[in-house]
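Enquirer: Need the 3D shape of this:
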Amino acid sequence: SYPQPLRGEHKAIADMNTPPLLNRREVLRNSALGFGSLALADLLQGESSLLSSPQLPAKAKRVIFLFQSGGPSQLDLYDPKPLLNKKHGEQLPDKVRGGQRLSTMSGNQSSIPLAGSPFKFARHGKSGQWFSEILPHTAKIADDLCIVKNIYTEAINHGPGVTYLQTGSQIAGRPSMGAWLQYGLGTTNNNLPSFVVLVTKNKGGQPLLSRLWGAGFLPSEYQGVRFRSGKDPVLYLTNPDGISEKSRRMLLDRLAELHSSQHSLSPDRAIQDRIKQYEMAFNMQSSVPEVAKLADEPESIYNLYGKDAKNPGSFAANCLMARRLAERGVKFIQLYHQGWDQHGGLKGGISRQCKETDQASAALITDLKQRGMLDDTLVVWGGEFGRTNYSQGKLSTSSFGRDHHPRCFSLWMAGGGIKPGISFGKTDDYGYNIVDKSGAPISPSKHKYDENAVHVHDLQATILHLLGIDHTALTYKFQGRRYRLTDVHGQVVKPILA
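Expert: Predicted coordinates for the structure are as follows:
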């Protein structure tokens, strides 16, 4: 028969004589004459390679990344192709495609008709850079911009593409670029986080998940902090009704004592992170309302950024907020603007997107420049990939769309050690492939650097370089391997450096 369970007094005596169960951390800490605690500390903390100072001469002190989620069409913004207009409606030649895989959204089309841009292009500035007519404000700052036209990626879908550009891996779970920078450079402002995220409100399109600004396997203190529009820019930051600042301070002091006591028994980095996060949140109770008070700006600034700047949570308001955060020592400011995924209705869709972003993007450059901040602020504008030179679905004279295109796309950079007033890299006359200096199409690979092409990892390596970081040296040991933002690839793109 089965043994009967203990009850009453017998169970109480048995419980008193049974040793408490040990968790994994306690076993490691108490085993092998204390050497287990060393193993535990290594498991919990990884291997820190925090940089006490920049390794290289830093040209930039901060980064503002204006990420355009969805994949803006380079062919309708920065990279004009008259041949496409001439051959509008003709089939994409096999020799141009070269057997390249297409997405499932257009790969099964019986017809792949070329589609010329419905917009006019013109040269602007002393540099003579090309801009579409739907970017009138950005065109005015042509001489401040470096337009990189030979970016490429392996990702052909949004989720992997955005994750790749933001974290250096198509697979979710790695630290974001902002987290890497905060880990490497630390913070100079104890009242604001070093990494802030701003997302344009009321925009549809591909979802933006918090892992895109997460810390991955880095300590959680390095993750981005999202600022929202409305009364509470940071959720759960204000004290509940009936709780004063003094009582909150007393609570945090006592809580820090308890955490410190626990940390002395168990060397868990997460405990230290929690203490730091509580302290940062307390300091932010006064600093966040101040930085979010856009009403302090003069009317001339609102005229510069556009009327939407008075609408909290709009792209224009977020650009203005980015400048205010940069002034206060925030090192990585990540803006996200959705809606660039024009699989159909391209003409109207991309025109609306430009109307929402063009003036404010240009205003940010102008504003930083007039304040003497552009020289040490790196601004990046771009998305996860480009768009195809052919129409997705049926091509009509009034409406068509473009599919995803990873083989070549454009983005621009300004300030922070970037050479102004240049276009770097070229694509073929069809806007389908990157070409070398002789005009011959190439098939670049991240495994072998090609001076004619800029891979996602090359872009990341260049951003780190401008901040004074050798991308090969900024590593973190996790589960027995040293990881870095650029994985085992990436080269600094020296021709675009000032």
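Enquirer: before we move on, what SS does the residue nearest the centre of the chain have?
Expert: With distances taken as C-alpha atoms, centre = their mean, the residue of the chain nearest its centroid is Q166 (4.2 Å). The local conformation at Q166, judged by DSSP: H, G, I helix; E, B strand; the rest coil, is helix.
Enquirer: how many neighbours does the closest residue to it other than its chain neighbours have?
Expert: Of all residues not flanking Q166 in the chain, L212 sits nearest, at 4.9 Å (C-beta to C-beta, 6 or more residues apart in numbering). All C-beta spots, glycine's among them, are computed from the backbone N, C-alpha and C. Residues within reach of L212, counting by other C-beta atoms under 10 Å, total 24.
Enquirer: The longest helix along the chain - contacts with which helices or strands?
Expert: Using DSSP state H to define each element, the chain has its longest helix at helix 346-370. With contacts defined as 3 or more C-beta pairs under 8 Å, 6 or more residues apart in numbering; DSSP states H and E, helix 346-370 has these neighbours: strand 62-68, helix 136-139, helix 299-305, helix 315-327, strand 332-337, strand 377-382.
Enquirer: right, so the ones you listed: which one is the most enclosed?
Expert: Sort those by mean neighbour count, taking mean count of other C-beta atoms under 10 Å, and strand 332-337 sits at the top with a mean of 26.
Enquirer: and the angle from that strand to strand 62-68?
Expert: 10 degrees (axes from the mean of the first three to the mean of the last three C-alpha atoms, to 10 degrees).
Enquirer: mind listing what strand 332-337 pairs with, with the direction of each?
Expert: Here strand 332-337 has these sheet partners by DSSP bridges: strand 62-68 (parallel), strand 195-199 (parallel).
Enquirer: Flag the shaky bits of the stretch 301-450 of the chain, pLDDT-wise.
Expert: By pLDDT under 70, the stretch 301-450 of the chain contains no weakly predicted segment.
Enquirer: do that again at 80, thanks
Expert: By pLDDT under 80, the low-scoring segments of the stretch 301-450 of the chain are 397-398.
Enquirer: same deal with the stretch 101-250 of the chain?
Expert: 101, 107, 230-231, 235-239, 243, 245, 247-248.
Enquirer: re earlier: quick check: the residue nearest to Q166 is in a helix.
Expert: Yes. In this structure, L212 lies within a helix as judged by three-state DSSP.
Enquirer: wait, doesn't it sit right on V162?
Expert: Yes. With contacts counted by C-beta atoms under 8 Å, L212 reaches V162, the gap being 6.4 Å.
Enquirer: picking up where we left off before, tell me the contacts of the residue nearest to the centre of the chain?
Expert: Listed by C-beta atoms under 8 Å, 6 or more residues apart in numbering, the contact partners of Q166 are F67, S176, M177, L212, W213.
Enquirer: and what of L114?
Expert: Listed by C-beta under 8 Å, 6+ apart, the contact set of L114 reads L84, K87, H88, G89, E90, Q91, L92, N389, Y390, S391, Y430.
Enquirer: ok, and T462, which helix or strand is that part of?
Expert: According to DSSP states H and E, T462 maps onto helix 456-466.
Enquirer: Which secondary structure elements does that helix sit against?
Expert: For helix 456-466, the elements it packs on are strand 145-152, helix 158-167, helix 177-185, strand 377-382, judged by 3+ C-beta pairs under 8 Å, 6+ apart.
Enquirer: Please name whichever of these is nearest to Q74.
Expert: Counting by C-beta to C-beta, Q74 lies closest to strand 145-152 out of these; the figure is 7.1 Å.
Enquirer: Now do the same contact list for L335.
Expert: I64, F65, L66, F67, V197, L198, V199, T200, F315, N318, C319, A322.
Enquirer: and which of those residues is nearest to L237?
Expert: Nearest to L237, judged by C-beta to C-beta, of the contacts of L335 is V197 at 14.8 Å.
Enquirer: Could you double-check that that closest one sits in contact with G214?
Expert: No. Between V197 and G214 there is no contact under C-beta under 8 Å: 10.2 Å.
Enquirer: residues shared between the contacts of the two?
Expert: Residues touching both V197 and G214 (C-beta under 8 Å, 6+ apart) are G224.
Enquirer: Please identify which of these two sits among more neighbours.
Expert: V197 (25 against 22).
Enquirer: Tell me the bridge partners for that one.
Expert: Using DSSP bridges, the bridge partners assigned to V197 are R226, Q334.
Enquirer: coming back round to it: in the helix or strand that the helix holding T462 is followed by, what's buried?
Expert: Using DSSP H and E, the next helix or strand after helix 456-466 towards the C-terminus is strand 476-478. By 16 or more other C-beta atoms under 10 Å, the buried positions in strand 476-478 come out as Y476, F478.
Enquirer: for the record, mean pLDDT for strand 476-478?
Expert: Across strand 476-478, pLDDT averages out at 94.
Enquirer: what's the distance between P193 and L218?
Expert: Distance, P193 to L218, by C-beta to C-beta, to the nearest Å: 14 Å.
Enquirer: neighbour count winner among the two?
Expert: Set P193 next to L218 and count neighbours by other C-beta under 10 Å: P193 wins out with 30 against 21.
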